[in-house]
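1. coordinates only, sequence not included:
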DNA sequence: AATGAATGAGCATTCATTCAT
DNA sequence: CATGAATGAATGCTCATTCAT
């Protein structure tokens, strides 16, 4: 079944190949619809290799998610390194969101699988459920950082308060835009990002105004 | 297996029972992970009843989607019957979105399955793919109606232009909020709806302002 | 399912339609591989019609065989009506066998199904088994008649003795030639028939010679 | 289901067991009527073993045919090793055919299945169809060898010409005699073989005579 | 460390049949 | 007389998993 030229002394590489294929397939078809037989056929590696490296199909899913999350956030940090140039909150949000949108386009697999699992309650299986929760918390924290950076000009306290209020909303805007992109409906993703930046800026400035008055 | 008291002359009822159970199960676990054996066990009806009524598992999915869409939009129209009381666009959007949010909470199954299918490319199987596209178009048209109703005070032309610009964004806001609700993360759905109303109002008014100046 | 224009008051016709389709399908695919669903789809008549007219799938098989046998032997008698012109046994056998070969070519379904059942021990189911035995006996009797007619010039007694000896062999020659025709191998059926006639003539004359000497 | 003492390290043996049972069952009931469930029950091996060893039910059929053909022709060669003693063509044909008849009686499974497939057009499924054609060609070649050996005394050229003319006819005689044996009708197989030998001798000598005159 | 052989449980689907109308 | 609805049993097949090597 396996390519005979493939040595049997290269565990690390096999692991990565399985992980790559599984990420792609699970993101395309979902967890339940991804069979180890197909995975094996597509990688040229035996089914037992999955058990060798990941203990079970569920373990493979966990690994896929863990690596995906790690890579995703690393890529996010890289994309945003240096931070936006000075400017209005809206300009700064625009800068952040445009770059984030580029990530969505170039690495959709992780997000797709993430949303699939969120919706399908296959997550309920403990281990993965925890990972998903962690990813959502990390995502929100990341978003929080972006928003407060955008409103840094209002002072740290106000920036934080604004971000507290808007981070979930921003996450929802992302998720929704990603769904629309997957559906092939809607305007292109970057147009959506621009509107989201505009909305966040408007909401954030309104909120900052209130706080300035009160403070 | 089946209740022996169940006559063999009640096709319509069996059909509905299967449809109910399938809607719930597919929304919970996804299409692939919903097995006809489990469905049969849960309804007490034989597996062959599915084939009798729906021709195939795919046909059942189509029927689930078709009925779900029909019921969903009917319930939406019922929830919004009469329309919002007079007021500012934001107040009117608030009224619309609060009621829509209630729908999400009370009938999440259809939306869950819809999003699951959008993400999982099981939709690619023709028949269902078309249905999903139709649902998204209908949803967007519905949203368009809500937004232009909210901005009716600006005149029909401007209201329409605003809705043209914002309908996709609003859909994304809904989808994202629904995802957050499913994930159990984020503030409650109604808080999200309020923010979305505020954002749409702000974006819409800015857009209307531009148009008034140009006009 | 059924053609709506088809009245529900025409039992005789439905019966024949089912019989026609079943004869064809069973001859093509065998009894086990002929499903009532397919039969129903192909005739446009409901599956229950089979039970109405034939009591069971096995009953349908019996009816197919019975009608097939009846028709087949009637057609044989028609083809051989009048009998061969005077001539040598070989010429007369040639005449018989050429005409029989024409039957094989023009109505292969019954023979195919017959051989299929003979080989497959689905015949073991009593009712059909008996029918098959009857068909083989009738066939042999028919062949006996042909051979003794061919050798009538040797006198009735010798003609009968020759036919007693050769009828089974002739049947085997027929069956084998029919098999070859179905397999698409071998020379055309009529060449086979000519050789068979030659062989029967040679064998018969040798036998007749022996008998004449003894007598 | 399986014998628990059966180790999971004996693939070769399982393969043969399945092949044996399948050969017998398919020859008895035909391909379509042989179910993997019954096969599994009868071998004590799980259904999945069939897929492990043969990829599909069709693959099992191919393997059954391939092994059957191989064994059959090997046994034929063994039965005819050494060749017939010197004598007239008829004596030599008698020797060949008697031995061949013994094969039919002692190993009827392969031939039964072969004829079943020839008749039932399940063969049309490519892979098996090709195998069947090959078997018929091999059979004919074998028969050709037997006939020309029987007529070797007439010289190689004439012997070949006689065999060219009669091989198909001889095959048909075999097939027909085998059918009669399966049907339980007719005289015993060896009587049929004797008549066939006589017929082939008569036809062959007539043909050889013609050729001698012409040559 | 890595794998091919093997398997039991479960899958979607089709079957022949019954029965109320 | 004729049928559409309904179903339990069985079908061919795929699944995730184990285990000896």
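-> It's in. What you see is a predicted model, and the numbers here were worked out from it, not measured in a lab.

2. Which of the three states applies to residue A:86?
-> coil (DSSP: H, G, I helix; E, B strand; the rest coil).

3. Near it, how many residues? Count them for me, please.
-> Around residue A:86 there are 9 other residues, counting by other Cβ atoms under 10 Å in any protein chain shown. In this view, the C-beta of every residue, glycine as well, is placed from N, C-alpha and C.

4. just residue A:36 next, same as before
-> Neighbours of residue A:36 under the rule other Cβ under 10 Å: 18.

5. ok, now how distant is it from chain D?
-> 15 Å (Cβ to the nearest Cβ, to the nearest Å).

6. Kindly report the same for residue A:143.
-> 49 Å.

7. what do you get for residue A:85?
-> Residue A:85 sits 62 Å away from chain D, taking Cβ to the nearest Cβ as the criterion.

8. Same question for residue A:89.
-> Residue A:89 is 62 Å from chain D, by Cβ to the nearest Cβ.

9. cool, residue A:27 as well?
-> For residue A:27, the distance to chain D equals 29 Å [Cβ to the nearest Cβ].

10. and the strand or helix carrying that residue, which residues are buried?
-> Assigned by DSSP states H and E, residue A:27 belongs to helix A:11-29. Using 16 or more other Cβ atoms under 10 Å in any protein chain shown as the test for burial, helix A:11-29 gives A:14-15, A:17-19, A:21-29.

11. Ok, stretch A:63-76 next?
-> Applying 16+ other Cβ under 10 Å to stretch A:63-76 flags A:63-65, A:67-69, A:72-73, A:76 as buried.

12. same thing with stretch A:98-117?
-> Quick answer for stretch A:98-117 (16+ other Cβ under 10 Å): A:98-101, A:103-104, A:107, A:109-117.

13. Quick one: name whatever helix or strand follows the longest helix along chain A.
-> Using DSSP state H, we find that the single longest helix of chain A is helix A:156-183. Scanning forward in sequence from helix A:156-183 by DSSP H and E, the next helix or strand is helix A:189-214.

14. Name the nearest residue to the closest residue to chain D within chain A, sequence neighbours excluded.
-> In chain A, the residue that lies nearest chain D is residue A:37 (10.8 Å; Cβ to the nearest Cβ). Residue nearest to residue A:37 in three dimensions, not counting chain neighbours: residue A:47, with 6.7 Å by Cβ to Cβ, 6 or more residues apart in numbering or on different chains.

15. Next one, pLDDT for that neighbour please.
-> At residue A:47, the predicted lDDT confidence score is 95.

16. Tell me how far stretch A:48-64 lies from the chain's centre.
-> Relative to its parent chain, stretch A:48-64 has a centroid offset of 21 Å by Cα atoms, centre = their mean, to the nearest Å.

17. Buried residues, it. List them.
-> Those would be A:49-50, A:53-54, A:57, A:60-64, for stretch A:48-64 by 16+ other Cβ under 10 Å.

18. Check whether it comes into contact with chain B.
-> No. Against chain B, stretch A:48-64 shows no contacts by Cβ under 8 Å from any Cβ of the partner chain, the least distance being 12.5 Å.

19. buried ones in the strand or helix carrying residue A:145?
-> Under the criterion of DSSP H and E, residue A:145 resides in helix A:127-150. For helix A:127-150, the neighbour count (16+ other Cβ under 10 Å) marks A:128-129, A:131-132, A:135-136, A:139-140, A:142-150 as buried.

20. Report the angle between it and helix A:156-183.
-> If you take axes from the mean of the first three to the mean of the last three Cα atoms, to 10 degrees, helix A:127-150 sits at 120 degrees to helix A:156-183.

21. contacts for the helix or strand bottoming out on mean pLDDT in chain A?
-> One helix or strand of chain A scores below all others by mean pLDDT, DSSP states H and E: helix A:11-29, with a mean of 91. Applying Cβ atoms under 8 Å, 6 or more residues apart in numbering or on different chains, the contact partners of helix A:11-29 are A:34, A:38-39, A:42-43, A:45, A:49-50, A:52-54, A:60-61, A:63-64, A:67-68, A:108-110, A:112-113, A:116, B:32, B:120-122.

22. what do you get for stretch A:52-72?
-> For stretch A:52-72, contacts defined as Cβ under 8 Å, 6+ apart pick out A:11, A:14-15, A:18-19, A:22-23, A:26, A:31, A:36, A:50, A:103, A:107, A:109-111, A:113-114, A:117, A:125, A:127-128, A:131-132, A:134-135, A:138.

23. quick one: contacts for the residue nearest to residue A:37?
-> A:36-37, A:39-40.

24. I'd like the list of the residues you listed that fall within helices, please.
-> A:36-37, A:39-40.

25. Which among the residues you listed count as buried?
-> A:36, A:39-40.

26. any idea which residue sits dead centre in chain A?
-> residue A:111 (4.5 Å; Cα atoms, centre = their mean).

27. now residue A:84, nearest residue through space, not along the chain?
-> That would be residue A:95: by Cβ to Cβ, 6+ apart, it lies 3.7 Å from residue A:84.

28. for the one you found, what are its contacts?
-> Going by Cβ under 8 Å, 6+ apart, residue A:95 touches A:84-85, A:87.

29. coming back round to it: relative to residue B:187, which of the buried residues of helix A:11-29 is nearest.
-> Sorting the buried residues of helix A:11-29 by distance to residue B:187 puts residue A:27 at the head of the list, at 28.3 Å, by Cβ to Cβ.

30. how much space between the closest one and residue B:38?
-> Going from residue A:27 to residue B:38 by Cβ to Cβ, to the nearest Å gives 25 Å.

31. Residue A:211 against residue A:159, yeah?
-> No. Look at residue A:211 against residue A:159 with Cβ atoms under 8 Å: they stay out of range, at 10.0 Å.

32. Looking at the two, which is more packed in?
-> Neighbour totals were compared for residue A:211 and residue A:159, and residue A:159 leads with 22 against 17 (other Cβ under 10 Å).

33. which residues touch that one?
-> A:147-153.

34. Let's see that with 10 Å instead.
-> A:89, A:144, A:147-153, A:204, A:208, A:211 (Cβ atoms under 10 Å, 6 or more residues apart in numbering or on different chains).
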